[in-house]
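Participant: Need coordinates for the below:
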Amino acid sequence: METWQWVVAIVVVLVVLALLAWMLFRSRKRATVLERFGPEYERAVERHGDRRAAEGDLLDRARRRERLEIRALDENERARYIEQWTAVQARFVDQPEAAMTDADALLDRVMRDRGYPVDNFEEKAELVSVDHPHVVENYRAARVVRASSGTRMASTEDLRQAVLHYRALFDDLLSDRGKTDETARKNEER
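Facilitator: Just a heads-up that it's a prediction; the model follows:
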């Protein structure tokens, strides 16, 4: 083989290797995002209609979330919130719609105390999805019921389901299953 043929063969091999490395990188990045966001990944893909755009959106959420100072609740705060949740559940028997509204407001207070912004629902849901991807869809479903209850379109069973959905996120927020800035720092120190 002549020298130029060797050069072309080497260039072709390098291009193929670079392409394989790029594909491996993309695959690992996708797997990492999928693992981190779970069901929220598929929701984002459906919303954007494109995996790359969805991954970009999810990574942007993670960057925005990293700018927040999320903190764990102390034992007194937890106990107070659990007591308030018990009152919400007790109220459901006689006033299911009011109890659902109270559950939503209580969740806002917990999120605010933890450090999440609570002014805009969609932003709140996106940022919460970074730390609590397996229950944020419950939160969205509860908000849909809450919106329909305002027009008296929600049945008592719908309201019950909404309160259960709120409870799933409430439990996650109180148990610190999501990452706090304090746990993130401890993990970085290791």
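Participant: Residue ranges of each domain in this protein, please.
Facilitator: Split into domains by automatic domain parsing, the chain comes to 3-66, 75-187.
Participant: pLDDT at the residue nearest the centre of the chain, what is it?
Facilitator: The C-alpha lying nearest the average C-alpha coordinate of the chain belongs to Ser129 (CA atoms, centre = their mean; 0.8 Å). With respect to pLDDT, Ser129 has a value of 92.
Participant: residues contacting it?
Facilitator: Each residue near Ser129 by CB atoms under 8 Å, 6 or more residues apart in numbering is listed here: 37, 40, 61, 136. All C-beta atoms are positioned from the backbone trio N, CA, C, and that covers glycine.
Participant: wait, doesn't the third one sit right on Val128?
Facilitator: No. The pair formed by Arg61 and Val128 falls short of the contact definition of CB atoms under 8 Å, at 9.6 Å.
Participant: The two: who's more crowded?
Facilitator: When Arg61 and Val128 are compared on other CB atoms under 10 Å, the one with more neighbours turns out to be Val128, at 28 against 20.
Participant: got a list of what that one touches?
Facilitator: Residues counted as contacts of Val128 (CB under 8 Å, 6+ apart) are 111, 116, 136, 139, 169, 178.
Participant: Likewise for Val130?
Facilitator: Applying CB under 8 Å, 6+ apart, the residues near Val130 are 36-37, 61-62, 65, 178.
Participant: give me that answer again for 10 Å
Facilitator: Under the criterion of CB atoms under 10 Å, 6 or more residues apart in numbering, the contact list for Val130 reads 36-37, 40, 58-59, 61-66, 68, 70, 116, 136, 178-179.
Participant: which residue sits closest to it, ignoring its sequence neighbours?
Facilitator: Nearest non-adjacent residue to Val130, counting by CB to CB, 6 or more residues apart in numbering: Arg65, 4.1 Å away.
Participant: tell me the mean pLDDT over the longest helix that the chain contains?
Facilitator: With DSSP state H setting the assignment, residue counts place helix 3-37 as the longest helix in the chain. On average, the pLDDT along helix 3-37 is 82.
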